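S.K.: Quick one, what's the 3D model for this:
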Amino acid sequence: MTGPQPTNAGLFEAAQRVIPGGVNSPVRAFGSVGGTPYFVASASGPYVTDVECRRYIDFVQSYGAVILGHAHPAVTEAIAAAAAQGTSYGAPTQREVALATLIAEAAPGVEQVRLVNSGTEATMTAVRLGRGFTGRPRIVKFAGCYHGHADSLLAAGGSGVATLGLSGSAGVPPSAVADTVVAPYNVVPELDDQIAAVVVEPVAANMGLVPPAPGFLEGLRQACDEAGALLIFDEVITGFRLGPGGAAQRYGVTADISCFGKVIGGGLPIGALGARTEIMETLAPTGPVYQAGTLSGNPLATAAGLAALDQLSPEAYAELEARASQFADGMRGVLAGAGFDAIVCQVGTLVGLYCGAGPTSGSTSGWVPADYDDARTTDEQAYARLHAELLARGVAFAPGAYEAMFVSLAHTPDVIDETLAAIADAAKACTAF
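M.R.: As a prediction, this is how the structure comes out:
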């Protein structure tokens, strides 16, 4: 391409003429942090570079889909080799068998796997499968947990008690969520014989980062067993990021159905759901629960996923968690040193930040949010200021206060130290107001 050098502002203006809001996923519009989105021209390792040739240390990492760092040679070479053999067939391939086998061997409770095209499709299918297997209508989800934009999962509940869901989006009629019960996170709800399934993020990573309270996941397992309902773990973020067995392995609780995405595609679009054979055989073509997809098991995505997962040895996970700890511990220190009130949470390889958040009374020492109400105590304006100051210093956090932060294996200790210096400087600028 030739012509004038593009700018972020110019591209955003052009995008808004042909794409709703100028973006293809709402958070990218910078609506909650202000300013103009940067348009990425290229990425490598821990960095993204925008069209104005500004380079940023990236802690978005495609919202967790990238774990090795951008453009890792093993992944890009696998994609190139696969593309040379064709990009889509609409027929089975050897690599989808290999990827399904790898997932089944690693994930607790999984004997069979269905590959789909996104995390949304995985959770949507899991809910349908749960209803079809049990013959029951209702599902339970938790306030603040995000499971994609399927209608039945876009339900917003009241705080404090389990409630029948109210539509969380225009275009989702009350009938679509009439059988969705919304409960507070970290509280085990009462289940009856109408509940088909309970769907939960075992580590809630879409309201910042909220860990499961001791006994919560175990309580859900027991409640589902007693009520004859299925337990669905949405491990789209945690799967193969917290370890090969995800949150289920970390906490020792096995779900009936597990959903995956992000890491298993090596940065390409993919999703998956898995369960024991008895449940999975309820899916078409062996059972009456219908699901299909033109691009399911896509040869490029399976090639990228297999290449990425092949790099994730036990030593790699240990190193990734050590770097996440360096980042989280260091960020606590530099923010406190700058007088910038914040809570930094860590669960294994995942990190979350809450600006100005804390209990309504008492010390914030050791406090972590327990549910959506706690998460919403974050100061979104303070986060927006910090986000802008960091961008100016070449560090990219997600353009939303409720996103988890993703450290990759490409974030070396030196890169993290560089980041912490930028955070310290940015926090001082924020507190100088």
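S.K.: so the nearest residue to Val199 once chain neighbours are set aside bridges to which residues?
M.R.: Of all residues not flanking Val199 in the chain, Ile232 sits nearest, at 4.2 Å (CB to CB, 6 or more residues apart in numbering). No exception for glycine: its C-beta is placed from N, CA and C like everyone else's. Ile232 has the following beta-bridge partners by DSSP bridges: Val199, Ile257.
S.K.: Spell out which residues sit in contact with the nearest residue to Pro174 once chain neighbours are set aside, please.
M.R.: Residue nearest to Pro174 in three dimensions, not counting chain neighbours: Ser167, with 5.9 Å by CB to CB, 6+ apart. Ser167 makes contact with 154-156, 173-174, 176-177, according to CB atoms under 8 Å, 6 or more residues apart in numbering.
S.K.: Identify the residues contacting Ala307.
M.R.: Ala307 sits next to 72, 74-75, 77-79, 266 when contact means CB under 8 Å, 6+ apart.
S.K.: Longest helix of this protein, counting residues only.
M.R.: helix 314-337 (DSSP state H).
S.K.: Could you list every helix and strand in contact with the next helix or strand after it?
M.R.: Next helix or strand after helix 314-337 toward the C-terminus (DSSP states H and E): strand 342-347. Under the contact criterion of 3 or more CB pairs under 8 Å, 6 or more residues apart in numbering; DSSP states H and E, strand 342-347 touches helix 314-337, strand 350-355.
S.K.: 10 Å - rerun?
M.R.: If contacts are counted by 3 or more CB pairs under 10 Å, 6 or more residues apart in numbering; DSSP states H and E, strand 342-347 sits against helix 246-251, helix 314-337, strand 350-355, helix 380-392, strand 405-406.
S.K.: Show me the one of those that comes nearest Gly109.
M.R.: Closest to Gly109 of the helices and strands packed on strand 342-347, according to CB to CB: helix 246-251, at 6.9 Å.
S.K.: still on that earlier bit, which one of the contacts of Ala307 has the most neighbours?
M.R.: Gly266 (29 neighbours; other CB atoms under 10 Å).
S.K.: How about the contacts made by Thr412?
M.R.: By CB atoms under 10 Å, 6 or more residues apart in numbering, the residues touching Thr412 are 45-46, 69, 319, 323, 418.
S.K.: ok, now with 8 Å
M.R.: 46, 323.
S.K.: Could you work out the most separated pair of the contacts of Ser167?
M.R.: The widest separation within the contacts of Ser167 (CB to CB) is 14.0 Å, between Ala156 and Pro173.
S.K.: which of the two has more neighbours?
M.R.: Ala156 (17 against 10).
S.K.: Excluding covalently adjacent residues, which one is nearest to that one?
M.R.: Ala156's closest residue in space is Gly168 (CB to CB, 6+ apart), at 3.9 Å.
S.K.: Count the residues that sit near the one you found.
M.R.: By other CB under 10 Å, neighbour count at Gly168 equals 17.
S.K.: Please name every helix or strand in contact with the longest helix of the chain.
M.R.: In terms of contacts (3+ CB pairs under 8 Å, 6+ apart), helix 314-337 is packed against strand 342-347, strand 350-355, helix 413-431.
S.K.: any idea of the pLDDT on the residue nearest to Val199?
M.R.: In this model, Ile232 is scored at 98, pLDDT.
S.K.: what does Gln311 give?
M.R.: We have a pLDDT of 98 for Gln311.
S.K.: what do you get for Ser363?
M.R.: In the predicted model, Ser363 carries a pLDDT score of 56.
S.K.: Could you check the pLDDT of Val161?
M.R.: Looking at Val161, the pLDDT reads 49.
S.K.: Now the phi/psi pair for the closest residue to Leu409 other than its chain neighbours, please.
M.R.: Nearest residue to Leu409, sequence neighbours excluded (CB to CB, 6+ apart): Leu68, at 5.2 Å. Torsion angles at Leu68 (phi, psi; degrees, to the nearest 10) stand at phi -90, psi -10.
S.K.: show me the contacts for Leu68.
M.R.: Leu68 neighbours (CB under 8 Å, 6+ apart): 74-75, 266, 308, 311, 408-410.
S.K.: Tell me the one among those nearest to Gly394.
M.R.: Ala410 (15.5 Å).
S.K.: for the nearest residue to that closest one once chain neighbours are set aside, what are its contacts?
M.R.: Using CB to CB, 6+ apart and skipping the chain neighbours, the partner closest in space to Ala410 is Gly69 (2.4 Å). Gly69 is in contact with 44-46, 61, 408-411, counting by CB under 8 Å, 6+ apart.
S.K.: What subset of the residues you listed is buried?
M.R.: 45-46, 61, 408-411 (16 or more other CB atoms under 10 Å).
S.K.: ok, back up a step: if you compare the directions of the longest helix of the chain and helix 380-392, what angle comes out?
M.R.: 110 degrees (axes from the mean of the first three to the mean of the last three CA atoms, to 10 degrees).
S.K.: State the mean pLDDT of helix 314-337.
M.R.: pLDDT averaged over helix 314-337 gives 98.
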